[in-house]
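Colleague: Need coordinates for the following:
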Amino acid sequence: MDRLDNKVVLITGSSGMGAAVARLAATKGARVFIAALAPEGCASLAAEIGGSWFAGDLSVENNAKAAVERCVAHFGRIDGAFNVAGISGRQFGDGPLHECSAEGWDTLMSINLRSLFLMSREVVRQMLAAAHGGSIVNMGSVVALSPEPRHFATHAYATSKGAIHAFTTATASYYASSGIRINAIAPGLVETPMSLRAQQNPEIREYMQTKQPLVKGFMAAEDVAAAVVFLLSDAARCITGEIIAVDGGWRLSA
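Modeller: Below is the predicted model:
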């Protein structure tokens, strides 16, 4: 029942979990539109899965509008969206509160929240105009549900993801009567380009053996993709406003 036959799905990422969802969605029958910053990554992934693409900074209002308009012009509609665009923040000055820079805070809020807001707004406008409902899945994080102070004390990042969880439930409540479902996933530590710092840290790799006991280490992007595709599909037609942890047991482990 988690088929996406003939559904048009817009994904705001061309690597890591975004790419994994794009590939799986395509195998499930979806027509996939990629919107991300790097044109090379967008073009390559779109060519691989037979989709289309737009490249630009999605935290810029005109780019968000253009991406959605391009998707509708190419495919005729939008049935689902996966808001995955985002960053981790240590390189920008994120960290424990007493060490976090104002610049780091502002960068995390702009990139992780503004693009999601703008893309969600434009997608919802299209869904309302078409009056066919739809599904949006937002990228949250397990650290907003279950903090880990020793290795992952990035307080701006956690705050941005907590805000995404609140945004998800608030918008899900409002648009449920229009048949638009809005959910979020809260992944644990996944082996993607964004988690490279953690992957290269032997202490963290050892810690993940017990912190994520279901996989005894880092999760694969495909583990998260399966949950996202389910939420985008009609198999999840009665699910909205949920924050679903896909964390390998993170929240239940010391």
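Colleague: what's the nearest residue to residue 134 if we skip its chain neighbours?
Modeller: In this structure, residue 134 finds its nearest non-sequential neighbour in residue 127, 4.3 Å apart by C-beta to C-beta, 6 or more residues apart in numbering. Quick note: C-beta positions are derived from backbone N, CA and C, even for glycine.
Colleague: so what pLDDT did that neighbour get?
Modeller: pLDDT, residue 127: 98.
Colleague: Tell me which stretches of this protein form helices.
Modeller: Per DSSP state H, the chain carries helices over the ranges 16-27, 39-49, 61-75, 102-109, 115-130, 155-175, 196-199, 202-211, 221-232.
Colleague: Now distance to residue 240 and mean neighbour count too, for those, in CSV please.
Modeller: Compiled in CSV, the helices of the chain are given as follows (distance: least, C-beta to C-beta, whole Å; neighbours: other C-beta atoms under 10 Å):
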stretch, distance to residue 240, mean neighbour count
helix 16-27, 19, 22
helix 39-49, 27, 16
helix 61-75, 21, 18
helix 102-109, 25, 17
helix 115-130, 13, 20
helix 155-175, 5, 19
helix 196-199, 32, 14
helix 202-211, 30, 15
helix 221-232, 9, 22
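Colleague: Make CSV from the ones you listed and add distance to residue 249 to it.
Modeller: What follows is the helices of the chain, written out as CSV (distance: least, C-beta to C-beta, whole Å):
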stretch, distance to residue 249
helix 16-27, 19
helix 39-49, 30
helix 61-75, 36
helix 102-109, 27
helix 115-130, 27
helix 155-175, 19
helix 196-199, 17
helix 202-211, 8
helix 221-232, 12
